[in-house]
Structure formats: C-alpha cells, structure tokens
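[1] Take a look and give me a structure for this.
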Amino acid sequence: MSNQSRNILTTLLLLILFLSTGIMSWSLLDLVVLNDANNFFTQNSFLLKASFIIVSLIVLFIGFKQISSSLKSTSNDRSIETIIEKTSADPTEIRTAIIRLRQVLDPKHMKLAISIATLLDQLLHMLNDYQSEQDRQIQETTEITQAVDTLQSQNEQMVKAPHLRSEFLSRMGDEITLPMNSLNTMLKLLKSMEFSDEARDLLIIASHSAHSLIENLTNILEFSKLDAHLLELNKEYFDLTEAVTLVLETQESIALSKSLMLETHINPDVPEHVLADKKAVDKILSNIVSNAIRFTDRGNIKLVIDQQIIESKKMLRFTIIDTGIGIPESAIGNLFDSLDKDTDLVNSSFTGRLRLIVSKQLCELMGGEIGVRSVEGEGSQFWFTIDITA
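    Numbering: from 1, shown residues only. Reported below is the predicted structural model:
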C-alpha cells in the first residue's frame, strides 16, 4: 500500500471517530438537559450545540480537503508513471513527455516539475551524444572495413607478385638456357675437331663463356624460386658416383686451363645409390667447385664424400678442399647470406656470392647445412650436408 493510500485511510478513520464521538456527546447532552434543567449544560445547551456543529463542519471540511488532495496526488502520480513508461529514447517523445508532465503537476509542485524536466533534458542530451558517438563509430568502422579491404587487395597482389615474377623468370630461363645448352653442346663437338692452335684457344674461351653464362642463369632462376618459396624437391634414388663424375666433367676443362687437378674420394661407407634431389645436389656441388676453381691459381681441388649419422638421420657430407687464396675471417660471417658489394673478400664477385647463397638455401631445403673453414693465403674447405634418410 502506498503512502497516499495510507493517508486517505487514516483521514477517513479519524473523521468516523470524530463523528461517532460527536453523536455520543450530543446524546449525552440531551440526556443531561432532560434530567436536570438547572445545571450549566442545560442553560447553555444551544450554544454548545452550535459550537459542536461549527467544529464538526470545520473538521469535515479539512478531512475531505485532505482526502481530495491525496486522491489528486495519487492520480497525478499514476499519470506521471504512465507518461514515463510510455516515453522511449525518441527525442520527440521525450519533449512531449516534458510538456505533459508540466500540465499534470500541480503549480505548487513546480519545483518538482522543473527538476524532472531538467533530468529529462539531460537524458535527451545524453541520448543525442550517444547517437552522435554511435554514428561516428559506424563511420569509423566503415572506413576501417574499406581500408582492410584495400589492404587485403594489395596483399593479394603482393603475394601474387613473387609467383608471377618467378613464373616469368622460369619461362624466360627455359627460353634462354635451351639454346645456350645447344650452343654449349656444339662447342664441345667442335673441340673434338682439328683446328689451328689459335682457333682452338678461341673455341675454349667461347666454351667457358657459354658454361659460365648457363651457370649464372640457372643460379638466378634458382634464387628467384627459392625467394618465392616455389621450389619443390623431387627426391629419387640416383647413382652418386655417376652424378659426381658428370658435374666434375663440366668443370674439368676450366680447371685444366689453369693447370689445376680435380680429385675425388668417396668413402666406402657411402651407398652407391642415394635418395635426394639430384638436380639440387648437382647445383650445390657445381657452385662450390666453380668458386674453388675461380679462386685457386695453383695446386689442386679435392672432393671428399662421406656419410654421417646425426640424430638418427643419414647425412651425406661433401667437402671441397682447395689450395686457393683463402678467405679473411672477417668476411666469413655473412659469406652465405649477403650480396653486399662492400666486403673483405679478395676479388669478390656477385656471381660467386650468389652461388653460395643459392647453395645454402638448397642445403637447408634438403635438411642439411653448409659451412667453411679457411686460412687466408693457404686455401679453404667448403662442406655441405644433405639428408638421405629413406
């Protein structure tokens, strides 16, 4: 039960009690008058009754006034509750609610009306600010979404770029290396024919140049594929001795032109046939032997092949030993990673460093590693390993 309901009930009870007491007093006064005509109440009965009637009317007026005020207050409260319940977050409805509340509330409650109107007005401003913030966030979300879409599109293009570049280089490489290989084959056939010493010297120079050009082109193609992560291994069993012999034969004429001897030693524990990517093995071996020949002016170049067991894996180890100019210790750190022109290498060349970078990436792709031990002025030992576990 609300406070207003309790006030109305209390007022009614007091009125009933007052009227009951008044009726009883009136009856007692008549009884006294009848029994004793000479007492004070008898002589003043008219005046007492008139006073009683006036007091009763005043009390009844005050009581009914109080009841009417409480009923009106209850009605206003219900009207206010109804207005507030029906008021939504729509600014138009809030303004309408403020006007209706001012009409419903009694003038003497104007302070309350002003307070409610002020609170509703603050609520309206808060809702407007919230709506503005929501619109701003939606705009930012839209802009971010558009930016993300743009970045995704650019990222897709960037991802495709290496593939397109590698595919282009591969196709162009085939177009170039095929005729170059044919030219190299023709030069080899010409060397078996009889020519004058001067013509033979020119023929050898042409053959070496063709070989270097083909080797450089294939290294560039390999580097491009490795950089784009497009190179896939093709593991198969192949005759190791036969593969090594073919690689060294392509280098033999260049070595002989510098009076260098090529030697090969394969340990007995090395299997005759190994499981690996033959083209990758040929490329690494050819690259390192080419560098050894380039930086060796006298002596010999020796290839040693043995087998190692590392963490239950069969690893084939190739060691190329030369008697060349050696490598400064300060240049070994970035030897297999950098194409920087400014190095401590003597007679450093782009093609020589590219050979080593391609060789390292191919070794790692085949589960192995590459390294070097060198003494400046005495020679170098390059080694690399590959995983041949079946």
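
[2] Report the helix or strand with the lowest average pLDDT across this protein.
    Of all the helices and strands that make up the chain, the one with the lowest confidence by mean pLDDT, DSSP states H and E is helix 40-43; it has a mean of 51.

[3] show me what contacts Leu335?
    For Leu335, the contacting residues are 327, 353, 356, 372, taking CB atoms under 8 Å, 6 or more residues apart in numbering as the criterion. In this view, the C-beta of every residue, glycine as well, is placed from N, C-alpha and C.

[4] wouldn't the second one be in contact with Leu339 here?
    Yes. If you go by CB atoms under 8 Å, Arg353 and Leu339 touch, sitting 5.5 Å apart.

[5] tell me the helices in the stretch 251-390 of the chain, going along the chain?
    Secondary structure of the stretch 251-390 of the chain (DSSP state H, counting those that start in this stretch): helices at 278-294, 329-332, 350-365.

[6] Which of these has the lowest mean pLDDT?
    Per-segment mean pLDDT for those reaches its minimum on helix 329-332, at a mean of 83.

[7] Please name every helix or strand in contact with that helix.
    Where contact means 3 or more CB pairs under 8 Å, 6 or more residues apart in numbering; DSSP states H and E, helix 329-332 is packed against strand 370-375.

[8] what is the rounded mean pLDDT of the strand it packs on?
    Over the span of strand 370-375, the pLDDT mean works out to 94.

[9] tell me what it is packed against?
    For strand 370-375, the elements it packs on are helix 329-332, helix 350-365, strand 379-387, judged by 3+ CB pairs under 8 Å, 6+ apart.

[10] If we use 7 Å, what do you get?
    For strand 370-375, the elements it packs on are helix 350-365, strand 379-387, judged by 3 or more CB pairs under 7 Å, 6 or more residues apart in numbering; DSSP states H and E.

[11] Provide the partner residues of the spatially closest residue to Glu252 that is not a sequence neighbour in its beta bridges.
    Here the nearest residue to Glu252 in space, its sequence neighbours aside, is Leu262; by CB to CB, 6 or more residues apart in numbering that works out to 6.0 Å. Beta bridges link Leu262 to Ile301 when assigned by DSSP bridges.

[12] my guess is Leu262 meets Ile293, correct?
    No. Between Leu262 and Ile293 there is no contact under CB atoms under 7 Å: 8.5 Å.

[13] And the helix or strand containing His208, what does it pack against?
    When elements are assigned from DSSP states H and E, His208 belongs to helix 197-227. Other elements packing on helix 197-227 under the criterion 3+ CB pairs under 7 Å, 6+ apart are helix 110-191, helix 240-257, helix 278-294, helix 350-365.
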